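A.B. asks: Take this sequence and fold it.
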Amino acid sequence: MLGCAAWDEAAGACVAWDAVPPSSFQVSTTCPFFTKEVNCTQFWVNLSEVLYFESVDNHTFLYTQEDVMEIKQRLYELEEILSDKDFVRISKSLIVNINKIRSLKPELNRTILVTLCNGELLYISRKYVPFVRKLLSI
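C.D. replies: Next up, the predicted model:
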């Protein structure tokens, strides 16, 4: 997955995200995620706008109310980066913004159905239920 980190005027070419050292990736209240877009467009997504991150077939996606963007980082990397933010891992393939959760409903199979602020439904897998319960004090 190649994204564009910057435009190199001297070379007249796009500098790929892969050429940027991982240590330069900084997360603050505004977090850069480089997407696979044309014309070397760099997107900045405010973390408060992120609903969740999902991993599908070795690709990671960032979901907001309006957009779905493919990003370079893997979920385990995002989990480390966002550990002190308002994000929690709820399954092997999902990290959710806890501020975007509208409701939680226990299911018969010991999972929890999560309804997000946009009405989208996700599940907290059995493996992550105890951790999420402790984190949210439920």
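A.B. asks: drop to CA atoms for contacts and neighbour counts, all remaining ones
C.D. replies: Will do.
A.B. asks: quick one: the strands in this protein?
C.D. replies: 4-8, 13-16, 30-33, 43-46, 50-56, 59-64, 68-71, 87-91, 94-97, 101-106, 112-116, 121-124 (DSSP state E).
A.B. asks: Would you reformat these as TSV and include distance to residue 137, mean neighbour count and mean pLDDT?
C.D. replies: Output for those, formatted as TSV (distance: least, CA to CA, whole Å; neighbours: other CA atoms under 10 Å; pLDDT from 0 to 100):
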stretch	distance to residue 137	mean neighbour count	mean pLDDT
strand 4-8	40	17	44
strand 13-16	42	16	44
strand 30-33	28	17	48
strand 43-46	26	15	74
strand 50-56	21	19	95
strand 59-64	26	18	91
strand 68-71	30	18	84
strand 87-91	13	21	95
strand 94-97	16	22	96
strand 101-106	13	14	94
strand 112-116	14	19	96
strand 121-124	15	19	97
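A.B. asks: Figure out which of the ones you listed is closest to residue 80.
C.D. replies: Closest of those to residue 80 is strand 87-91, at 10.3 Å (criterion: CA to CA).
A.B. asks: so what strands line up beside that closest one?
C.D. replies: Within its sheet, strand 87-91 is paired with strand 94-97 (antiparallel), according to DSSP bridges.
A.B. asks: got the CA positions of the strand it pairs with in PDB?
C.D. replies: What follows is strand 94-97, C-alpha atoms only, in PDB (Å, rounded to 0.1, in the frame of the first residue of the first chain):
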ATOM      1  CA  LEU A  94     -11.500  -3.600  14.900                       C
ATOM      2  CA  ILE A  95     -10.400  -0.700  17.000                       C
ATOM      3  CA  VAL A  96     -13.300   1.700  18.000                       C
ATOM      4  CA  ASN A  97     -13.500   5.300  19.200                       C
END
